[in-house]
Structures are given as structure tokens and as C-alpha cells.
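S.K.: A structural model of the following input is requested.
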Amino acid sequence: WTEVMDRWRPGRAIGGINGRCRVHRAVMLRWSGPGDLAAAAAMAACEELRPWMRREFGWPLVELGTIR
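M.R.: All right, here's what the predicted structure looks like:
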């Protein structure tokens with residue numbers, strides 16, 4: 001479903017929608033592997049959520065810690 005989201009919203013999304021999707025992607029990659037891709041998705045989520053949603057910034061950090 002994350003690939004469908006990528007096709008649905010080409011380019012930069014407004015707000016933190018990309019970051020939220022990347023956290024979900026990181027969770028799914030953590031479940032299925034590979035771990036390095038999961039960590040990269042969590043890091044990308046951090047970068048995308050930081051300017052828009054500071055309250056949710058901890059969510060990808062927790063996921064990154066779980067992955068590691």
C-alpha cells in the first residue's frame with residue numbers, strides 16, 4: 001500500500017503525509033526485512049516530519065530505535 005501511496009501523490013506532499021507513510025513503511029520493512037531499508041525509511045521519516053509535525057517527531061525515532 002505504500003507503493004500505491006507513492007503513485008497517488010507524486011512530488012512533494014504538503015505537510016507531514018510523506019513522513020507518516022514512511023513510518024508505516026519502516027514498520028512493515030522491520031516485520032519483513034531487510035533491516036537496513038527499514039532504518040533508512042525511519043530516517044527519511046525523521047527528516048520529513050521534523051519541519052511539519054514536531055509533536056510526531058518521536059514516532060519515527062521510536063521506530064528507528066526498535067529497528068536498531
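
S.K.: For this structure, which helix or strand comes out least confident on mean pLDDT?
M.R.: Ranked by mean pLDDT, DSSP states H and E, the weakest helix or strand in the chain is helix 2-8, scoring a mean of 66.

S.K.: My read is that E48 contacts V23, right?
M.R.: No. In this structure, E48 is not within contact of V23 by C-beta atoms under 8 Å, at 9.4 Å. Quick note: C-beta positions are derived from backbone N, CA and C, even for glycine.

S.K.: can you pull the contacts of the closest residue to E56 other than its chain neighbours?
M.R.: Nearest residue to E56, sequence neighbours excluded (C-beta to C-beta, 6 or more residues apart in numbering): L49, at 5.6 Å. If a contact means C-beta atoms under 8 Å, 6 or more residues apart in numbering, then L49 has 16, 19-20, 23, 56-57, 59-60 as its contacts.

S.K.: Just the buried residues of the residues you listed.
M.R.: Listed as buried from those are 16, 19-20, 23, 57, 59-60; burial here means 16 or more other C-beta atoms under 10 Å.

S.K.: Next step: the residues you listed restricted to strands.
M.R.: Of the buried ones among the contacts of L49, none are assigned to strands by DSSP state E.

S.K.: Which pair of the residues you listed spans the longest distance?
M.R.: Distance extremes for those: the farthest pair is R20 and F57 at 11.5 Å, using C-beta to C-beta.

S.K.: Pass me the low-pLDDT residue ranges in this structure, would you?
M.R.: Within the chain, the ranges that satisfy pLDDT under 70 run 1-6, 8-16.

S.K.: mind listing the helices in it by residue range?
M.R.: 2-8, 17-32, 35-49, 58-67 (DSSP state H).

S.K.: Work out which residue lies at the spatial centre of the protein.
M.R.: Residue closest to the mean C-alpha point of the chain, counted by C-alpha atoms, centre = their mean, is R22 at 2.1 Å.
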